Structure formats: C-alpha cells, structure tokens
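> Build me a structure from this.
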Amino acid sequence: QSTIMRQLLFCAILVLAVVGEQSATVSDGRVVTRDFLEHHPLLKSMAGRSHFPVEPNRQIPSSLYNQTVYNQRIDHFNPLDTRTYKQRVTIVDEFYEPGNPVFIFLDGEAPMDFFGFQEVSSIYWAQQFGALYISLEHRYYGESLPFDRFSAANMTYLTSQQALADAAQFIQDFSATMEAPGPWVVFGCSYSGGLSAWFRLKYPQLVVASVAPSGPVYANINFTSYYGQFEESCELSGFYDCIDAVEQGVAQITEMLQSSSGIQQLEQTFNTCGSIDPDNHWFFELTLMGQVGGADQMDNPPDWPLNQTCAIMTNSTDYVQNWANTFPLGDCVSTNETEFLEFMQVEIPNSNRAWFWQKCVEFGYFKPSYPGTSIFFDDVYVEPMVDWCEQIFGIEGMVPDTEWTNTYYGGYDLHASNVMFTNGLLDPWHNLSIYEDQGEVQAVTYLAGHCATMDAPNPTDPPSLTEAREEVLEFLSDVLDMPPKKGSF
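Alright, predicted model coming up:
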C-alpha cells in the first residue's frame, strides 16, 4: 500500500477507536457502550439477527484478504457537498489475472466481518473465473462511519440510494486504476442481495450481471408472512408435531397472560429480566415469536436451527417450558419494550440503530401477527411497531415510505436483465423476493433457508441447494462468456 493509503487506514482505525470508547448512561444507571448495543440479544432479535451462526465456518483463509479504505463521498446527490468518509474495502487478488472479471460483494446491515460465512461461494466462484474479488462495507456499519454520532440529522445520508451510489463511485474510480479491467459482477445476500439486483437495475453500464441471494425487493410495512411462513416451513420439513406444539404453547401462554398468577409463572419459566406488563404483554409475545417463529429463516446446514427448535418444542408435553428452553441458558430474557426503546435511542453508532433507521425510512419490514396470519399470537399489531420510528429517532410522524421505495425500484416488477435470484423456500424473506423467472430476471429455489447458496457446501446439503449453486455457476459462465475452471476452493 502507498504511504497515503496507510495514512488513510490509520485514520480510519483511529476514528473507530474513538467511536468504540463512547458510552452513555441509561435511566437505571447502567453504562452502555457500542459493543453492548451491537450485541445485546433483544436489540439483535428486534433487528432480525436471531438464529445466525454463533461461530460461522468461513472456510476462507485470512491470508487472502487485503483490507484498505476508500475515500467515499457522504452525499452523492449534492454536488456542493464535498465531505467524505472512510469506507472499508477488502480485496482478494489471489486468483486474479488481468482482463478477467471483477466480482464485488456489497455488504449489508452489519459490519463487514459478519458476512464471511456468506461469501464462501462468491469467493469460490471468483477462483473459478480467475476474478478479482472485492467486498465493500455498507455505509454506517462496521468501520465505515460518516459520523461518530448516530443522531437523526447525521443519519439522513443512510439510504439504499446512497449505498448504491457508493458502489458506483467506487467501481468507477477503481476501474480507472486497473490496467485491463474486465467485466464487473455484483453480489449480495439478504438486504444486500436486494442492493445487488437494484445496482444492476440502476447502474447497468457498470456491471454485466447481478447475483442476488435472498434479496427482498418488495418493501412492506405489514410483513405478516414472516411468521406466517413458519407453518409452511414445518410442513415442508415434515415437522407436523412442531406445528401442534407451537399452537398449544400459544394457547397456554395466552391463557396464562390473563391472570397475575399466570404472568408470574411465565416470568419464572422464561427467566425474564423484569416484570411482564399485564397491560402491554404484546411485546413479550413478540419476543417469544422471534425466538421460535424465526427459526426457519436461517434453516441451513450444518446447524439446521428449525430442526433444533422443533426438537426442543416437541421434547415434552409442557409446551411452555419447551418454549422457554429454546432460549440460551444463563442470562435472563429481556422482554421489556421500554428498555428496548431506551437502548435504541442511544446515538452511539451501532448496526441495530442503523438498520432501524433504514426500516423506518424505506423498508418497514415489521413482523406482526393477526388472527389467521400465523399459528402464533393474534394480537401483535403493526401500529405500535411503526410508532417505534418516532419514539427512537424523535421525528414526529415518521413512517416508512414503502410506496416510494417500491415505485423507485419496481418492487416485484424488477425491470432489469442478467439478474439471478436464489431463494430458500423455508426462508420467510423469499416472500418479499423474486422466486420465479420473469423476463430477463432468473430465479432458482431450494429447500433450505436464507442465503444458503452463499454458504460453504456441506454433506447435509439437500440436492436442490447443490443444484442452485450449480445454476449460479452456469449463469455466471453465460453472462461472462467464459467457462469456469475445474477444482474446489
């Protein structure tokens, strides 16, 4: 690296160190830090980070990575605003031959380091095509921080449009430094899978194709099919007794919530960190739904969390205790909405606050449950979840503008070409993605969960997952007009 690049990297690390030292005191006297806010179980659950591998197997040697930073614009849509921030970039040049393709993975709503287990396939594909591989950290996550405080005013520049413009600016500038740049292909996973598809839509002159695993392209405030998917996932997996166990558990918990003695018993059984509010127990129910009802999202090998969750739920006829046993042993279970909101209001940079900003501005993605929409509780309404936006960020009347998001990108009607979606039929998010071919947008499905085509192959992979990875490889070969090399990573 040049002296200037080393200086930029030092500055980025210095900024991170300063941010990491920030702390705030909440109402009960506790001092919270960035690390606390980043990893708090309740915040992670409400932000949809449950059931991810605790120690994912990257299967990617760290020696392959060359990490640096790029001087990125804060606002791409105001030519008079020349402010910049340091955006973290990872480069793998182990396989690259000049003139060959460049694969760029757009990181999503977490620090760059989180996505390693979901980049195994894309780096393997880079090896097979002799491609340069680049991973670009999303603004406002990890070390790519435009500001050291996440006030509402400072978060104005956290949008998917700005993130796409980040990638476009980087690709243009990086290509200009290359001796013989080949065609670029953009990758992602989950939210960034949507970004990948949208990048091909909005910047088709910069990339020849997009691979968009589990990319939700339809913004939806009232995402009832998230928990509605659980029953279908159990049926597809043959876990019919798990459906019955959940239904009986819901009925028993609902009855217990009607009396003070029942609530006290629930507090003991679930080892809650505080009391359950008898007049506001929906948040307790939401916490329980996230623990069991979200198990199908990441139902991928080798962990298969839906299998594990259903095994616990059907372990005995005490379905309430079974439900409690799905939570990790040791620490108490946080089920307090007031505590959740107070932590979310802290302006220390963290992924959970950043992702809620994006939910509250563009996407919604709130997960309620009404009568007939799922086998879970029927009184978990979307309205109080939408109210969180105003309560967390202090902006009166703040509501996600999902109508504009779907107008801007097209929603399910994606008018793009050379885009390949892969979706797991056990993953609730496939309901907001594209899982059937439409025009020049291709899609393939498999019997597992979220972004599984990007994970390392496993002996327990279902045949449909193996076939989906092979279809992506064939897609890349077609759009690049070159055969892949033989061999494995």
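
> check contacts around the closest residue to N315 other than its chain neighbours.
Counting by CB to CB, 6 or more residues apart in numbering, N315 lies nearest to N322, which is 5.5 Å off, once chain neighbours are set aside. C-beta here means a position set from N, CA and C on the backbone, and glycine is covered the same way. Residues near N322 by CB atoms under 8 Å, 6 or more residues apart in numbering: A245, G249, I312, M313, T314, N315, S316.

> which outside residues touch stretch 260-277?
Contacts of stretch 260-277 (CB under 8 Å, 6+ apart): 253, 255-257, 278, 281, 283-284, 288, 320-321, 323-324, 327, 332-337, 339.

> Of those, select the buried ones using a ChimeraX command.
With 16 or more other CB atoms under 10 Å as the burial test, the buried ones among the contacts of stretch 260-277 are selected in ChimeraX as follows:
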select :253,256,257,281,283,284,288,320,323,324,327,333,334,335,336,337,339
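
> Is E467 in contact with Y446, as I believe?
Yes. Assessed by CB atoms under 8 Å, E467 is found in contact with Y446 at 7.2 Å.

> Count the neighbours of D481 for me.
8 (other CB atoms under 10 Å).

> Oh, that last question was meant for I276, not what I typed.
20.

> Check the offset of stretch 180-193 from the chain's centre.
17 Å (CA atoms, centre = their mean, to the nearest Å).

> Which positions in it come out as buried?
Those would be 181-193, for stretch 180-193 by 16+ other CB under 10 Å.

> So E467 and Y446 - more neighbours on which side?
Neighbours were counted for E467 and for Y446 using other CB under 10 Å; Y446 has more, 24 against 13.

> you'd agree the more buried one is up against E471?
No. In this structure, Y446 is not within contact of E471 by CB under 8 Å, at 9.5 Å.

> who touches both of these two?
Contacts common to Y446 and E471, judged by CB under 8 Å, 6+ apart, are T422.

> So which of the buried residues of stretch 180-193 sit within strands?
Secondary structure from DSSP state E places W184, V185, V186, F187 of the buried residues of stretch 180-193 in strands.

> Show me what the helix or strand hosting E467 is packed up against.
E467 belongs to helix 463-480 when assigned by DSSP states H and E. Under the contact definition 3 or more CB pairs under 8 Å, 6 or more residues apart in numbering; DSSP states H and E, helix 463-480 sits against helix 120-128, strand 184-187, strand 209-213, strand 419-424, strand 441-446.

> and T272, how far is that from P428?
For T272, the distance to P428 (CB to CB, to the nearest Å) stands at 26 Å.

> The two: which has the busier surroundings?
The neighbour comparison of T272 against P428 (other CB under 10 Å) goes to P428, with 25 against 19.

> mind listing what that one touches?
S225, Y226, Y227, G228, Q229, F230, S233, G294, D296, Q297.

> Would you mind giving those residues as TSV with distance to I375, secondary structure and neighbour count added?
Shown next, in TSV, are those (distance: CB to CB, whole Å; DSSP: H, G, I helix; E, B strand; the rest coil; neighbours: other CB atoms under 10 Å):
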residue	distance to I375	secondary structure	neighbour count
S225	13	helix	17
Y226	13	helix	27
Y227	8	helix	26
G228	8	helix	20
Q229	11	helix	23
F230	7	helix	27
S233	11	helix	25
G294	14	coil	23
D296	12	coil	31
Q297	16	coil	28
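
> Would you convert those into a markdown table that also reports distance to G262 and pLDDT?
Converted to a markdown table, these look like this (distance: CB to CB, whole Å; pLDDT from 0 to 100):
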| residue | distance to G262 | pLDDT |
| --- | --- | --- |
| S225 | 30 | 98 |
| Y226 | 27 | 98 |
| Y227 | 23 | 98 |
| G228 | 27 | 98 |
| Q229 | 29 | 98 |
| F230 | 24 | 98 |
| S233 | 30 | 98 |
| G294 | 25 | 96 |
| D296 | 29 | 97 |
| Q297 | 30 | 96 |
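
> of the residues you listed, closest to N100?
Nearest to N100, judged by CB to CB, of the contacts of P428 is Q297 at 35.1 Å.

> Verify the stated contact: the closest one with W429.
Yes. Q297 lies in contact with W429 (CB under 8 Å); the separation is 6.8 Å.

> how near is the residue nearest to W355 when sequence neighbours are not counted to E38?
Nearest residue to W355 in three dimensions, chain neighbours excluded: E109, at 4.4 Å (CB to CB, 6+ apart). Using CB to CB, we find E109 at a distance of 12 Å from E38.
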